[in-house]
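Novice: need a structure here:
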Amino acid sequence: MKLIGVNQWAGADTWLAEAAHDLQRAADRARQHAHDGWKRLVPSEKFFELARQRFLIPQLFGVAPVRWYYQIGEWTLAEIRPTALHDAKDSATFLVHLQSLYVVDSMRGQGEGKRALAAIKQLAEESGCAVTLFAKSFAFSKDDDLPNAVETFDELVHASLEEMWPVVYQPEWDIECLRFFYESCGLTNICLYGPWVYQRPKEEDLPFDRHFIYLPQSMDPGHRSKLANRLNPGMCEYCNR
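Specialist: Numbers count the residues shown, from 1 in each chain. As a prediction, the model looks like this:
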């Protein structure tokens, strides 16, 4: 049996060719079904679907997978959750929030955080979903002592998900370094506050330059326009309260 043209076979075992052709059509239908299903997803759903495919999911006590947490590479734990902004209609469909990004302390300074953030930005580009975050530098501490003492990824999971070690917020100079890091990685300042901010004194507000968003080039212009007032502190009601 040999192939003599497109979908044309000659030889004694034509049934084999027909079976192969049926399998090919079934594979084509499956690919088309997956493509159609992907197109129906909103950007935030696409982002989390890609995250499940690309990143490892840490397990609580080595058994139960932990929702919204992802292992990126060998040394980084990220917490990425759904989010929405009060005055941006349907923003839950095109925004996710990077709650925390933590590199094992013994591996800091080797580019692991930058690589992890690049992987998150790649998901944002492929999904058209923007990623928000606050620049707040923290470390885990053993018994309120020895911050920056996490030596392995398993210990990081233990500290953040199992035993919940105390969190120590870092000094101002460290936060400034983190702010510069996000700026150098292509993130933009944006106000992430909502009406709840009116319930506390203004002096407790985190400055505008500590609020960030990654706006992918693939983002729908209509979605981007819904954030325009928040990208300019002069136009934002929460920045000017």
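Novice: alpha carbons only for contacts and neighbour counts from here, please
Specialist: Will do.
Novice: hmm, who's touching the longest strand along the chain?
Specialist: Taking DSSP state E as the criterion, the chain has its longest strand at strand 95-103. For strand 95-103, contacts defined as C-alpha atoms under 8 Å, 6 or more residues apart in numbering pick out 43-44, 75-84, 112-113, 129-134.
Novice: If you count contacts, what does the host helix or strand of Gln122 end up packed against?
Specialist: Element membership for Gln122 (DSSP states H and E) is helix 112-127. If contacts are counted by 3 or more C-alpha pairs under 8 Å, 6 or more residues apart in numbering; DSSP states H and E, helix 112-127 sits against helix 43-54, strand 76-82, strand 95-103, strand 130-134.
Novice: could I get these as TSV with mean neighbour count, mean pLDDT and distance to Phe208?
Specialist: What follows is those, written out as TSV (neighbours: other C-alpha atoms under 10 Å; pLDDT from 0 to 100; distance: least, C-alpha to C-alpha, whole Å):
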stretch	mean neighbour count	mean pLDDT	distance to Phe208
helix 43-54	19	97	24
strand 76-82	21	97	21
strand 95-103	21	97	16
strand 130-134	25	97	10
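Novice: can you give me the helices in the chain?
Specialist: Assigned by DSSP state H, the helices in the chain fall at 14-40, 43-54, 112-127, 153-157, 172-184, 221-225, 228-231.
Novice: Off-centre distance for the third one?
Specialist: If I follow you right, that is helix 112-127. Here helix 112-127 is found 7 Å from its chain centre; the criterion is C-alpha atoms, centre = their mean, to the nearest Å.
Novice: what are the C-alpha coordinates of it, in PDB please?
Specialist: C-alpha atoms of helix 112-127 as PDB (Å, rounded to 0.1, in the frame of the first residue of the first chain):
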ATOM      1  CA  GLU A 112      14.900  33.700  39.600                       C
ATOM      2  CA  GLY A 113      12.300  36.500  40.300                       C
ATOM      3  CA  LYS A 114      12.900  38.100  36.900                       C
ATOM      4  CA  ARG A 115      12.500  34.700  35.100                       C
ATOM      5  CA  ALA A 116       9.300  34.000  37.000                       C
ATOM      6  CA  LEU A 117       7.900  37.400  36.200                       C
ATOM      7  CA  ALA A 118       8.800  36.900  32.600                       C
ATOM      8  CA  ALA A 119       6.900  33.600  32.500                       C
ATOM      9  CA  ILE A 120       3.800  35.400  34.000                       C
ATOM     10  CA  LYS A 121       4.100  38.200  31.500                       C
ATOM     11  CA  GLN A 122       4.200  35.600  28.700                       C
ATOM     12  CA  LEU A 123       0.900  34.100  29.900                       C
ATOM     13  CA  ALA A 124      -0.500  37.600  30.000                       C
ATOM     14  CA  GLU A 125       0.500  38.100  26.300                       C
ATOM     15  CA  GLU A 126      -0.900  34.800  25.200                       C
ATOM     16  CA  SER A 127      -4.200  35.300  27.000                       C
END
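Novice: Fine, thanks again, bye for now.
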